[in-house]
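**Q** Take a look and give me a structure for this.
(one chain, ligands or ions: 1)
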Amino acid sequence: MYQDYIDHMRSIADVKFALAVLQWDQETYLPIKGAAFRGQQMATLSEISHKMFTDEKLGVLLDQLNNDSSLDKKQLRNVELTSEDYNKHKKYSSRFVRKLSEATSRSYHAWIDARKQNDFNVFERDLNALVDLKKEETQILGYTQHPYDALLNEFEKGATVQWLDGLFGDLREPLKKLLDKIQAKPAPDDSFLHQHFNKDAQWKFGIEMLKRMGFDFEAGRQDISEHPFTTNFSAEDVRVTTRIDENDFTSMTWSCLHEGGHALYEQGLPAEQYGLPLGEYCSLGIHESQSRLWENCVGRSREFIRYNFPLMLQYFPQLKNTEAQQVYAAINKVQPSLIRTESDELTYHFHVMIRYEVEKQLIDGALAVKDIPGFWNEKYKTYLGVDVPDDKSGCLQDIHWSHGSFGYFPTYSLGSLYAAQFFKHMQKHYPDITALIGEGDYTKIHKWLQMNVYQYGRMYTSDGLCNKITGETLQQSYLIQYLTDKYAGIYGF
Ligand SMILES: [Zn+2]
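**A** So this is what the prediction gives:
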């Protein structure tokens with residue numbers, strides 16, 4: 001009977017991953033004229049996989065398996081998680097799913113137009129309709145305290161407004177103080193990062209970085225896309241993408257390390273659990289912890305830069321009058337700014353907190369959609385001291401809301417928090433980790449992540465995993481300490 005369950009789940013996975021291949025192709029190689037039929041092909045596959053997942057046969061099978069005493073711990077966990085997913089899917093009427101998908105598609109196009117015209121008003125009506133549906137969705141999914149909890153739960157199981165209010169509340173003041181200290185000091189010079197860097201050289205350097213961090217090119221590849229992302233069709237076929245800015249080699253380099261971190265996680269998930277929950281990632285917060293651990297804790301460390309500087313010089317001789325230490329300071333420069341995706345490790349979290357506050361209040365009705373720009377601009381002034389000149393560099397900058405992804409943004413900060421806590425714990429057990437990074441040897445880090453994170457898939461919740469690894473729940477203190485140590489060294493306080 002468990003085998004029937006596996007067979008059913010694997011058929012669904014086959015369809016879903018075929019859909020993922022089409023999606024990946026759409027973002028990388030699809031010729032313009034192919035877009036219309038591609039949309040249709042993807043919609044069909046998506047409908048097929050939804051039908052297969054909500055099939056009554058699966059429900060009956062799950063009922064039987066939930067009472068099967070012969071299952072082992074992993075099998076039981078798979079059945080438990082699939083039952084949860086199944087019951088959740090069943091809550092949605094097909095009428096609501098269609099309404100949501102139509103509203104999402106409309107608001108996505110409205111967002112594109114609004115960005116072109118640099119005017120939030122163009123987006124407002126469709127976003128309003130989408131927010132109304134999202135409020136309806138919170139009722140469908142159910143919650144105990146705050147309606148936004150229901151949406152947060154979709155991306156980070158167990159996350160609540162109460163928890164995040166506390167976490168962000170404790171993060172805000174120390175980060176603000178740190179920012180003030182930094183801003184009282186002269187900023188490092190980063191002008192040398194903005195020269196012309198040959199596309200080919202950048203591409204080759206990025207591939208070399210991925211190889212060195214342990215990305216298996218026999219189980220994946222890298223291509224170019226508009227926005228960097230990672231996707232997978234099994235643990236043995238993981239695709240990353242990057243983009244190249246010829247006037248700044250750091251954008252591609254650290255995006256490779258970021259997506260590479262996501263990819264190592266996907267490549268490390270247990271292939272024998274293909275199609276089953278234990279073959280899937282734990283949560284978005286944990287996924288993001290993997291990318292940020294490599295991008296920031298490893299990739300933006302003094303030791304990493306020192307070791308890789310000679311290689312950088314080989315690919316980018318224009319850096320020849322620069323020292324490794326200058327590169328280290330430049331890539332860690334803190335600068336309050338308007339755009340989240342271009343912000344530094346510190347101010348990044350203010351961008352997230354602002355979005356969190358907007359979403360929370362939109363969903364509980366305290367903030368009206370039409371008031372988003374005013375609220376947004378005021379918060380940017382208060383938290384970051386920057387004036388938002390227009391909607392495009394303000395509340396229209398992210399794609400998330402147009403997709404209906406409310407509750408996603410907090411997972412980015414959770415990723416940094418988990419990364420700092422995991423990394424500290426790793427250093428405690430292996431005090432030589434930092435020295436090894438200085439020798440270009442990441443095998444210990446990779447093994448540690450395999451043992452502590454990758455192998456478990458969805459066996460534990462993010463909170464459970466964090467407890468299991470570090471012996472405590474998520475703490476904001478590790479990130480604050482990590483950032484304080486780093487910037488005290490660079491800025492000299
Ligand atoms: Zn990421």
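
**Q** Domains in this structure, by residue range?
**A** By the assignment in automatic domain parsing, the chain contains the domains 1-84, 134-493.

**Q** possible to save the ones you listed as CSV with distance to S105, mean pLDDT and mean neighbour count?
**A** Bear in mind the C-beta positions are built from the backbone N, C-alpha and C, glycine included. CSV is the format used below for the domains of the chain (distance: least, CB to CB, whole Å; pLDDT from 0 to 100; neighbours: other CB atoms under 10 Å):
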stretch, distance to S105, mean pLDDT, mean neighbour count
domain 1-84, 10, 94, 15
domain 134-493, 10, 97, 18
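
**Q** Out of those domains, which is closest to L100?
**A** For the domains of the chain, the distance to L100 is smallest for domain 134-493, at 6.7 Å, taking CB to CB.

**Q** Go ahead and measure how far that closest one is from the middle of the chain.
**A** Put simply, domain 134-493 sits 7 Å off its chain's centre (CA atoms, centre = their mean, to the nearest Å).

**Q** want to throw the domains of the chain into CSV with distance to R95?
**A** Formatted as CSV, these follow (distance: least, CB to CB, whole Å):
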stretch, distance to R95
domain 1-84, 14
domain 134-493, 11
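
**Q** Which one of those lies nearest to R106?
**A** When the domains of the chain are compared by CB to CB, domain 134-493 sits nearest R106, at 9.4 Å.

**Q** quick one: contacts for the residue positioned nearest the centre of the chain?
**A** With distances taken as CA atoms, centre = their mean, the residue of the chain nearest its centroid is E288 (4.4 Å). By CB atoms under 8 Å, 6 or more residues apart in numbering, the contact set of E288 is T411, Y412, L414, G415, S416, Y418, A419.

**Q** Output the contacting helices and strands for the helix or strand containing K177.
**A** Using DSSP states H and E, K177 maps to helix 161-183. In terms of contacts (3 or more CB pairs under 8 Å, 6 or more residues apart in numbering; DSSP states H and E), helix 161-183 is packed against helix 147-155, helix 348-363, helix 410-429, helix 477-491.

**Q** which helices and strands sit right next to the following helix or strand past that helix?
**A** Moving toward the C-terminus from helix 161-183, the next helix or strand (DSSP H and E) is helix 199-213. Under the contact definition 3+ CB pairs under 8 Å, 6+ apart, helix 199-213 sits against strand 220-224, helix 249-268, helix 302-315.

**Q** one step back: the residue nearest to the centre of the chain and E266: what is the separation?
**A** Distance of E288 to E266, computed by CB to CB, to the nearest Å: 13 Å.

**Q** what does E124 give?
**A** 38 Å.

**Q** Confirm for me that F375 is in contact with A368.
**A** No - using CB atoms under 8 Å as the test, F375 is too far from A368 to be in contact (9.4 Å).

**Q** any idea how far W24 lies from G220?
**A** 11 Å.

**Q** and for those two, which residues touch both?
**A** R239.

**Q** circling back: now distance to M312 too, for the helices and strands packed on helix 161-183, in CSV please.
**A** Listed next are the helices and strands packed on helix 161-183 as CSV, based on distance: least, CB to CB, whole Å:
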stretch, distance to M312
helix 147-155, 36
helix 348-363, 24
helix 410-429, 23
helix 477-491, 18
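
**Q** coming back round to it: if we look at the helix holding K177, which residues are touching it?
**A** 145-146, 148-149, 152, 334, 336, 346-347, 349-350, 353, 356, 360, 383, 410, 413, 417, 474, 476, 479-480, 483-484, 487, 491, 493.

**Q** relative orientation of that helix and helix 348-363 in degrees?
**A** 150 degrees (axes from the mean of the first three to the mean of the last three CA atoms, to 10 degrees).

**Q** Can I get helix 161-183 in CSV? Just the C-alpha atoms.
**A** C-alpha atoms of helix 161-183 as CSV (Å, rounded to 0.1, in the frame of the first residue of the first chain):
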residue,chain,number,x,y,z
VAL,A,161,2.7,37.8,13.3
GLN,A,162,3.3,37.5,17.0
TRP,A,163,6.6,35.7,16.5
LEU,A,164,7.8,38.0,13.7
ASP,A,165,6.7,41.2,15.5
GLY,A,166,9.0,40.1,18.4
LEU,A,167,11.9,39.0,16.1
PHE,A,168,11.8,42.1,13.9
GLY,A,169,11.2,44.3,17.0
ASP,A,170,14.4,43.0,18.6
LEU,A,171,16.3,43.3,15.4
ARG,A,172,15.3,46.9,14.5
GLU,A,173,17.0,48.9,17.3
PRO,A,174,20.4,47.1,17.3
LEU,A,175,20.6,47.3,13.5
LYS,A,176,19.7,50.9,13.6
LYS,A,177,22.4,51.6,16.1
LEU,A,178,24.9,49.7,14.1
LEU,A,179,23.9,51.6,11.0
ASP,A,180,24.4,54.9,12.8
LYS,A,181,27.9,53.9,13.9
ILE,A,182,28.8,52.9,10.4
GLN,A,183,27.5,56.1,8.9
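
**Q** Give me the angle between that helix and helix 410-429.
**A** 70 degrees.

**Q** I'd like to know which elements the helix or strand harbouring S105 is packed against.
**A** For S105, the host element (DSSP H and E) is helix 94-117. Contacts defined by 3+ CB pairs under 8 Å, 6+ apart place helix 94-117 against helix 121-141.

**Q** hmm, try it at 10 Å
**A** helix 35-53, helix 121-141 (3 or more CB pairs under 10 Å, 6 or more residues apart in numbering; DSSP states H and E).

**Q** Output those helices in JSON lines, with distance to E323 appended to each entry.
**A** As requested, the helices and strands packed on helix 94-117 are arranged in JSON lines below (distance: least, CB to CB, whole Å):
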{"stretch": "helix 35-53", "distance to E323": "48"}
{"stretch": "helix 121-141", "distance to E323": "46"}
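
**Q** Now do the contacts for Q41.
**A** Going by CB atoms under 10 Å, 6 or more residues apart in numbering, Q41 touches A18, L19, L22, Q26, G34.

**Q** An error on my part: the question was meant for H262.
**A** Taking CB under 10 Å, 6+ apart, one finds 228-232, 238, 240, 281, 287-288, 290-292, 294-295 in contact with H262.

**Q** Same question for G471.
**A** H425.

**Q** can you check Q335 too?
**A** I182, Q183, A187, D190, E342, S343, D344, L346, T347, L384, V386 are the contacts of Q335 under CB under 10 Å, 6+ apart.

**Q** Give the full set of residues in contact with the nearest residue to G440 once chain neighbours are set aside.
**A** Spatial nearest neighbour of G440, excluding adjacent residues (CB to CB, 6 or more residues apart in numbering): Y307 at 4.6 Å. Residues in contact with Y307, defined by CB under 10 Å, 6+ apart, are R212, S301, A324, L436, I437, G438, E439, G440, D441.
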